[in-house]
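A.B. asks: need a structure here:
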Amino acid sequence: MAIYTKTGDKGTTSLFDGTRVKKSDLRVDTYGTFDECCAQVSVAQKLTNHPETIQHLEWVQHKLFQLNAEIATDKNMAKLAAKSTLIAETDIQQMEDWIDQYTVRLPELHSFILPGQTLSSAQLHVTRAVCRRGERLLTELSETLEIREELRKFVNRLSDCLYIFARMEDHGESEKKLVDEILHRYLEQSGTQANPNKESNLARNYKIFQACEQQAKAMGIPVSMALVDEFGKLVSFYRMSGALLISESLAQKKAYSAVAMKSDTHELKGKIQPEGELYQLESLTDGKIVTFGGGFLIKDSSGRILGGIGVSGGAVEEDMTIAQKGLEKLKEI
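C.D. replies: Model (predicted):
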């Protein structure tokens, strides 16, 4: 089916309720600007590495579709309400909550800032500027047409929200550089210098977690990760921003369970069924052993158990995929 209709060849377009207007109409210019804003939001979402912000920007895109549908409706609001959810006060409150949460985590500002130290932050500032342009057009449109107060408040708060997202991108990158620098200095002064051919355990664990985190970000899933030694003792732990609090203990339990049972945790599932040899294992161990995927044994080339890795925060299959990326990095090392 062709995407062209030829109905706009004479310079008019159809609104949501079928009304024909000129393409130069202020209403069209307004929702066209927010359409541009939505496209810019999509670009920003692909550039950010923060799972929280990725989810928030997905939400923003859906809300911009709803906003545009209402702006593009001239008369028949009942038809729109039957087919689309209207922007509501709860949507405005949601953005205010995000702004408050991010502001607490950011350093105070006492002057204007340049728009973005990182590419993702710069893109979010572009998005914010487009949103502001759309807000100006919406304000002008409201002088001749009835525009709901919720819409005007929503676009005003959206630009603030995009601004705080942009600041969070720069702040996150600054924190990462600081951690990398601290680790680099530590490794320079550690035993790594005495034996340059053998990487320290700290550096190795750091690279394993980096591989897991990269995969988790690509999937949009914040997780917790744990590494234990051959005796099941915790040696390294990392929780991504936004990961569920329960994932902290579950990641450690998965790593411990793999070592304690000498088996990847997903392989225990069949053994705990009523007819299985390990029936009621979890209750008999007071929950110290878990029997669902996300925990893997770490072995050397001869098969000797060196420890275990556990990942928690997503669905079982997602946790397993992320943990396996860590194991792949370990093999490279």
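A.B. asks: surely residue 148 meets residue 71?
C.D. replies: No. With contact defined as CB atoms under 8 Å, residue 148 does not reach residue 71; the gap is 10.1 Å. (Glycine included, C-beta is placed from N, CA and C.)
A.B. asks: out of these two, which sits in the busier spot?
C.D. replies: Under the criterion of other CB atoms under 10 Å, the comparison of residue 148 against residue 71 puts residue 71 first, with 26 against 14.
A.B. asks: Distance check, the more buried one against residue 31.
C.D. replies: According to CB to CB, to the nearest Å, residue 71 stands 4 Å off from residue 31.
A.B. asks: Which strands or helices does the longest strand that the chain contains pack on?
C.D. replies: Ranked by residue count, the top strand of the chain under DSSP state E comes out as strand 305-312. Contact analysis of strand 305-312 by 3 or more CB pairs under 8 Å, 6 or more residues apart in numbering; DSSP states H and E lists strand 224-229, helix 246-261, strand 295-299, helix 316-332 as its packing neighbours.
A.B. asks: Okay, now the sheet partners of it, with direction.
C.D. replies: Sheet pairing of strand 305-312 (DSSP bridges) gives strand 224-229 (antiparallel), strand 295-299 (antiparallel).
A.B. asks: As TSV, the ones you listed with mean pLDDT, distance to residue 238 and mean neighbour count would be great.
C.D. replies: As requested, the strands paired with strand 305-312 are arranged in TSV below (pLDDT from 0 to 100; distance: least, CB to CB, whole Å; neighbours: other CB atoms under 10 Å):
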stretch	mean pLDDT	distance to residue 238	mean neighbour count
strand 224-229	94	5	26
strand 295-299	93	16	24
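A.B. asks: got a markdown table for those, with distance to residue 118 too?
C.D. replies: Listed next are the strands paired with strand 305-312 as a markdown table, based on distance: least, CB to CB, whole Å:
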| stretch | distance to residue 118 |
| --- | --- |
| strand 224-229 | 24 |
| strand 295-299 | 33 |
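A.B. asks: Name the spans of the stretch 151-300 of the chain whose pLDDT lies under the cut-off.
C.D. replies: Residue ranges of the stretch 151-300 of the chain with pLDDT under 70: 172-200, 272-274, 276-280, 282-284.
A.B. asks: how about the strands of this protein, start to end?
C.D. replies: Shown for the chain, the strands assigned by DSSP E span residues 12-14, 20-22, 224-229, 234-239, 295-299, 305-312.
A.B. asks: Of all those, which one is nearest residue 119?
C.D. replies: With CB to CB, the closest approach to residue 119 among the strands of the chain belongs to strand 234-239: 24.9 Å.
A.B. asks: Tell me the strands beside that closest one, with direction?
C.D. replies: Checking strand 234-239 against DSSP bridges gives partners strand 224-229 (antiparallel).
A.B. asks: any residues touching the strand it pairs with, and which ones?
C.D. replies: Strand 224-229 is touched from outside by 205, 208-209, 212-213, 234-240, 243-244, 247-248, 250-252, 254-256, 259, 298, 306-313, 322-323, 326, with contacts defined as CB atoms under 8 Å, 6 or more residues apart in numbering.
A.B. asks: make it 7 Å
C.D. replies: 205, 208-209, 212, 234-239, 243, 247-248, 251-252, 255-256, 259, 307-313 (CB atoms under 7 Å, 6 or more residues apart in numbering).
A.B. asks: how far away is the spatially most central residue of the chain from residue 327?
C.D. replies: Among the residues of the chain, residue 51 comes closest to the average C-alpha position under CA atoms, centre = their mean, at 1.5 Å. As judged by CB to CB, residue 51 and residue 327 stand 22 Å apart.
A.B. asks: And for residue 22?
C.D. replies: With CB to CB as the criterion, residue 22 and residue 327 are 61 Å apart.
A.B. asks: Just want to know which of these two has more residues nearby.
C.D. replies: Set residue 22 next to residue 327 and count neighbours by other CB under 10 Å: residue 327 wins out with 16 against 12.
A.B. asks: my guess is that one meets residue 297, correct?
C.D. replies: No. At 9.2 Å, residue 327 does not count as touching residue 297 under the criterion of CB atoms under 7 Å.
A.B. asks: residue boundaries of the helices in this structure?
C.D. replies: If you assign secondary structure with DSSP state H, the helices in the chain sit at 26-47, 51-71, 77-83, 89-105, 119-141, 149-189, 201-219, 246-261, 281-284, 316-332.
A.B. asks: and the fourth one with helix 51-71, angle?
C.D. replies: Okay, so that is helix 89-105. Our comparison of helix 89-105 with helix 51-71, counting by axes from the mean of the first three to the mean of the last three CA atoms, to 10 degrees, yields an angle of 150 degrees.
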